[in-house]
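K.L.:
output the structure for:
(chains A and B)
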Amino acid sequence: MSDDVSTQIHEAIESAISENPVLLFMKGTPDQPMCGFSARTVAILQSVGTPFAAVNILPDPRIRQELSAISNWPTIPQLFIDGEFVGGCDIVTEMYESGELQTALGVEDANGGEPAPEPAPQEPAPLSIENRL
Amino acid sequence: MAATDVPATPEELKERIEAGIPGATAAVTGDGHHFNAVVSATAFKGLSRIAQHRLVYDVFGGEVGGRIHALSIQTNAAETENIS
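P.N.:
Presented below is the predicted three-dimensional model:
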């Protein structure tokens, strides 16, 4: 299925990936993550201290559809560094703990070897806004 | 393809991963919606972490995010095939 809106979304995602050195596609926003995996990935990036851009995929199911078509990756969150797909929550967590993430982000390896930070406790999201795609 | 109206179980995921990836052994835990899989496979040798995880996701296709609500994955390359 490829209508005009899907094509626009596809192009917008590709521009966002090329224009933002560190870009996280997530459920919700860094201030209000709507999924534990997204919250955990945000907590890791904030702990590393690198600025990052974030795209909330929840407002339109076509965002996730087009993103997964680009990255060939089925789950959210998805982290891109310098235009390259790096991984989801599991891989970002492993890379943080080994220090690879800090290297990829070009920051001092202050936290390498440390267990990944746990996100702050979050009120469960209302069911109505859970992503059903 | 498993029936979509039957809840997924850790046993089913383990069997399908081990059947679908050459030389794989898997330990899977989960509650029917959220699962965690630790997978070791000879097929992972020489592959990037992303490629290893894709092989696991590919076993389940469109079921990840749907029938299998969430699947956490840890992978490592097995040196020699496990005989079990």
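K.L.:
just for chain B, where's the confidence low?
P.N.:
B:1-4, B:81-84 (pLDDT under 70).
K.L.:
which residues in it form strands?
P.N.:
With DSSP state E as the criterion, chain B has strands at B:24-30, B:34-41, B:70-77.
K.L.:
for the first one, name the packing helices and strands.
P.N.:
It stands for strand B:24-30. The contact analysis (3 or more Cβ pairs under 8 Å, 6 or more residues apart in numbering or on different chains; DSSP states H and E) places strand B:24-30 against helix B:10-20, strand B:34-41. The way it works is simple: take the backbone N, C-alpha and C, and place the C-beta from them, glycine included.
K.L.:
which stretch among those comes nearest chain A?
P.N.:
Set against chain A and scored by Cβ to the nearest Cβ, the helices and strands packed on strand B:24-30 come closest in strand B:34-41, at 8.9 Å.
K.L.:
same for that closest one, what does it pack against?
P.N.:
For strand B:34-41, the contact count by 3+ Cβ pairs under 8 Å, 6+ apart identifies helix B:10-20, strand B:24-30, helix B:49-60, strand B:70-77 as packing neighbours.
K.L.:
columns mean neighbour count on top of these, output as CSV?
P.N.:
Below are the helices and strands packed on strand B:34-41 laid out as CSV (neighbours: other Cβ atoms under 10 Å in any protein chain shown):
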stretch, mean neighbour count
helix B:10-20, 17
strand B:24-30, 18
helix B:49-60, 19
strand B:70-77, 19
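K.L.:
wait, which of the helices and strands packed on strand B:24-30 is closest to A:Tyr96?
P.N.:
strand B:34-41 (17.7 Å; Cβ to Cβ).
K.L.:
what's in contact with that closest one?
P.N.:
Strand B:34-41 is contacted by residues B:8, B:10, B:13-14, B:17, B:21-30, B:52, B:55-56, B:68-78, B:82 when judged by Cβ atoms under 8 Å, 6 or more residues apart in numbering or on different chains.
K.L.:
checking my notes, A:Phe25 in a helix, right?
P.N.:
No: secondary structure assignment (DSSP: H, G, I helix; E, B strand; the rest coil) places A:Phe25 in strand, not in a helix.
K.L.:
what's opposite it in the beta bridge?
P.N.:
Under DSSP bridges, the beta-bridge partners of A:Phe25 are A:Val55, A:Gln78.
K.L.:
quick revisit: quick one, which of the helices and strands packed on strand B:24-30 is nearest to A:Gln32?
P.N.:
For these, the distance to A:Gln32 is smallest for strand B:34-41, at 20.7 Å, taking Cβ to Cβ.
K.L.:
shaky segments in chain A?
P.N.:
Segments of chain A classed as low confidence (criterion: pLDDT under 70) are A:1-2, A:109-113, A:121-133.
K.L.:
write out the residues of it neighbouring chain B.
P.N.:
Taking Cβ under 8 Å from any Cβ of the partner chain as the criterion, chain A approaches chain B at residues A:37, A:72-75, A:85-91, A:94, A:133.
K.L.:
cheers, nothing more for now.
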